[in-house]
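Q: generate a structure from the sequence data that follows.
(one chain, ligands or ions: 1)
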Amino acid sequence: MLKGKRILLIVAGGIAAFKSLELIRRLRERGASVRCVLTDAGAKFVTPLSLQALTEDRVYSDMFSLTDESEMGHIQLSRDADLLVVAPATANILARMAGGLADDLAATVLLATDKPVLVAPAMNVRMWTHAATVANVETLKQRGIRFIGPNDGAMACNEFGPGRMSEPEEIADAIEGLLVPAERPLAGKRAVVTSGPTREAIDPVRYISNHSSGKQGHAIASALAALGADVTLVSGPVVIADPPGLRTVHVDSADQMLAACLAAGRIDIAVCAAAVADWKAARPSGSKIKKKAGMAPPSLELTPNPDILATLSKPGPQRPALVVGFAAETENLVANAIDKRRRKGCDWIVANDVSPAVGTFGGERNTVHLISASGVEDWPTLAKGEVAMRLAGRIALHFGQPPKAEAAE
Ligand code: PMT
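A: Now for the predicted structure:
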């Protein structure tokens, strides 16, 4: 809950500004008070009247308003809040924040504040991936600005990819995570989480891989960190951002992923959510394999990759107290997953259907079954972040430290 918390919401000019209206509702439902700064561009998408009606407070837009300055100077506005939230954060406002500009009320307030700032970017995918925006985001992250999203998906401009503003509920959760002192039932525990695909080189330009986006694994790493664990995330190549508040090690191949897991040293918890390629090229070519006229297609000899989950599950003094695997299946989901848990030697396995029609790979939601020695638990379809929070809660419970919500169930 956000009872008594004061949020200054800066609404910049993007089509996602309509979601900010819903965000205000969500925040007020949780007990927060919300005050808005609306940029000129933002006012092309939502009206001051709507914001005023939803916040039950006046809306600030004008940098040089004598009335505003006498009632609430812009410095006070920037400090009279527990958190500043920029939603939607356009490429323009991110650039102005990174450049330290103070050319309107929103930018000035952001420059003058001594409070934490959370931004929810929303823009066209090309703008988000443009080198200028990437550099601005990096600069802002280094300065301690928190980011939520953007999410992948179809955009108003008919393009697809990262750039959609996070959903109001997700932003409200992130705000709560920042403002409400977290319960830390996993404090003192060390965890490794694998996430994303691996890439196995065939030659310097070709590789074997799969469609894992890293969303599920990254969410689990964040959820464990949110409960206080010291987390190392070992990620294959993905386009999503490194989660804040934990260590991310980037790898390409399964061999590198295993080495990074072992390099993490003694750990209490391992969660293997990565979609590791089962095989790699037996003899990757050092130079690009040439296609010559009349040449028969080359054959590719494969050799097995190391099994990271099975390696971490091996009994011995180094074995983590809890090893959790995933089972990606397209048929006989639960039966195959039960068998996989036994073969790999892990404690729990999270079974998920990865048939293309279900859309688990790369999608936002997951329907899983948690399989342990004590049986099979069927979970409802949940957002990947919710699957992650539930799993992290179960892990805390396993260590005898239930988060409050879990204990109340
Ligand atoms: O990344 P997303 O787009 O969010 O999608 C999430 C996911 C579908 C990738 C994830 O939820 C998932 O199911 N991950 C496991 C994918 C997989 O490789 O499953 P598997 O059934 O082939 O492997 C079983 C287990 O062994 C997994 O824990 C896997 O990480 C591990 N494994 C497999 C092979 C190998 N060489 N080393 C391993 O550690």
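Q: name the nearest residue to F160, ignoring sequence neighbours.
A: Nearest non-adjacent residue to F160, counting by C-beta to C-beta, 6 or more residues apart in numbering: A154, 5.3 Å away. C-beta: built from backbone N, CA, C; applies to glycine.
Q: burial measure for the one you found, as a count.
A: Per other C-beta atoms under 10 Å, the neighbour tally for A154 reads 11.
Q: repeat for G161
A: 17.
Q: for the residue lying farthest from the centre of the chain, phi and psi?
A: Within the chain, the residue lying farthest from the chain centre (C-alpha atoms, centre = their mean) is G294, at 47.9 Å. Main-chain torsions, G294, degrees, to the nearest 10: phi 80, psi 0.
Q: distance of it relative to the ligand?
A: Distance of G294 to the ligand, computed by C-beta to the nearest ligand atom, to the nearest Å: 37 Å.
Q: likewise A263?
A: In this view, A263 and the ligand are 16 Å apart by C-beta to the nearest ligand atom.
Q: ok, that residue - contacts?
A: Contacts here follow C-beta atoms under 8 Å, 6 or more residues apart in numbering; on that basis A263 touches V249.
Q: what packs against the lengthiest helix in the chain?
A: Ranked by residue count, the top helix of the chain under DSSP state H comes out as helix 384-398. Helices and strands touching helix 384-398, as assessed by 3 or more C-beta pairs under 8 Å, 6 or more residues apart in numbering; DSSP states H and E, comprise helix 215-226, strand 269-272, strand 322-329, strand 365-366, strand 368-372, helix 404-408.
Q: format these as CSV; extra columns: mean neighbour count.
A: CSV is the format used below for the helices and strands packed on helix 384-398 (neighbours: other C-beta atoms under 10 Å):
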stretch, mean neighbour count
helix 215-226, 27
strand 269-272, 28
strand 322-329, 23
strand 365-366, 20
strand 368-372, 20
helix 404-408, 11
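Q: let me have the ones you listed in a markdown table, adding distance to the ligand as columns.
A: Listed next are the helices and strands packed on helix 384-398 as a markdown table, based on distance: least, C-beta to the nearest ligand atom, whole Å:
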| stretch | distance to the ligand |
| --- | --- |
| helix 215-226 | 4 |
| strand 269-272 | 4 |
| strand 322-329 | 3 |
| strand 365-366 | 6 |
| strand 368-372 | 8 |
| helix 404-408 | 22 |
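Q: could you pull out the strands for the stretch 1-150 of the chain?
A: Applying DSSP state E, counting those that start in this stretch to the stretch 1-150 of the chain gives strands spanning 6-11, 33-38, 59-60, 83-89, 117-121, 146-147.
Q: er, the stretch 201-350 of the chain I mean
A: According to DSSP E, counting those that start in this stretch, the strands that the stretch 201-350 of the chain contains are 206-208, 230-235, 247-250, 269-272, 279-281, 302-304, 322-329, 348-353.
Q: tell me which of these approaches E183 most closely.
A: Minimum separation from E183 across these (C-beta to C-beta) falls at strand 230-235, 16.0 Å.
Q: so what's the gap between that closest one and the chain middle?
A: Centroid separation between strand 230-235 and its chain, computed with C-alpha atoms, centre = their mean, to the nearest Å, is 13 Å.
Q: ok, back up a step: could the strands of the stretch 201-350 of the chain be laid out in TSV, adding mean pLDDT and distance to A120?
A: Shown next, in TSV, are the strands of the stretch 201-350 of the chain (pLDDT from 0 to 100; distance: least, C-beta to C-beta, whole Å):
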stretch	mean pLDDT	distance to A120
strand 206-208	98	34
strand 230-235	97	22
strand 247-250	95	21
strand 269-272	98	27
strand 279-281	98	39
strand 302-304	98	43
strand 322-329	97	29
strand 348-353	97	28
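Q: want to throw the ones you listed into CSV with distance to A187?
A: As requested, the strands of the stretch 201-350 of the chain are exported to CSV (distance: least, C-beta to C-beta, whole Å):
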stretch, distance to A187
strand 206-208, 39
strand 230-235, 9
strand 247-250, 16
strand 269-272, 13
strand 279-281, 38
strand 302-304, 38
strand 322-329, 16
strand 348-353, 21
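Q: need the residues of the protein near the ligand, please.
A: The chain has residues 194, 196, 212-217, 254, 272-276, 278, 305, 307-309, 325-328, 340, 352, 354, 360-362, 384 near the ligand, with proximity defined as C-beta under 6 Å from any ligand atom.
Q: can you tell me which of the strands of the stretch 1-150 of the chain has the worst average pLDDT?
A: Note on those: strand 146-147 shows the lowest mean pLDDT, a mean of 92.
Q: that one packs against which elements?
A: Counting contacts by 3+ C-beta pairs under 8 Å, 6+ apart, strand 146-147 packs against strand 117-121, helix 131-142.
Q: these: lowest mean pLDDT?
A: Minimum mean pLDDT among the helices and strands packed on strand 146-147: helix 131-142, a mean of 93.
Q: which secondary structure elements does it sit against?
A: Counting by 3+ C-beta pairs under 8 Å, 6+ apart, helix 131-142 packs on helix 91-99, strand 146-147.
Q: still on that earlier bit, next, the angle from the longest helix of the chain to strand 348-353.
A: Orientation note: helix 384-398 sits at an angle of 160 degrees relative to strand 348-353 (axes from the mean of the first three to the mean of the last three C-alpha atoms, to 10 degrees).
Q: ok now helix 384-398, how far from the chain's centre?
A: Its chain's C-alpha centre and that of helix 384-398 lie 15 Å apart, by C-alpha atoms, centre = their mean.
Q: let me know the angle separating it from strand 368-372.
A: Using the same axes, to 10 degrees: helix 384-398 against strand 368-372 is 20 degrees.
Q: tell me the spacing between the closest residue to V358 other than its chain neighbours and S195.
A: Excluding its sequence neighbours, the residue lying closest to V358 (C-beta to C-beta, 6+ apart) is T367, at 7.4 Å. Taking C-beta to C-beta, to the nearest Å as the measure, T367 falls 19 Å from S195.
Q: check R343 too.
A: 22 Å.
Q: what's the PyMOL syntax to select whichever of the residues of the chain next to the ligand are buried?
A: Command for PyMOL that selects the buried part of the residues of the chain next to the ligand, burial taken from 16 or more other C-beta atoms under 10 Å:
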select buried, resi 194+196+212+213+214+215+216+217+254+272+273+274+275+276+305+307+308+309+325+326+327+328+340+352+354+360+361+384
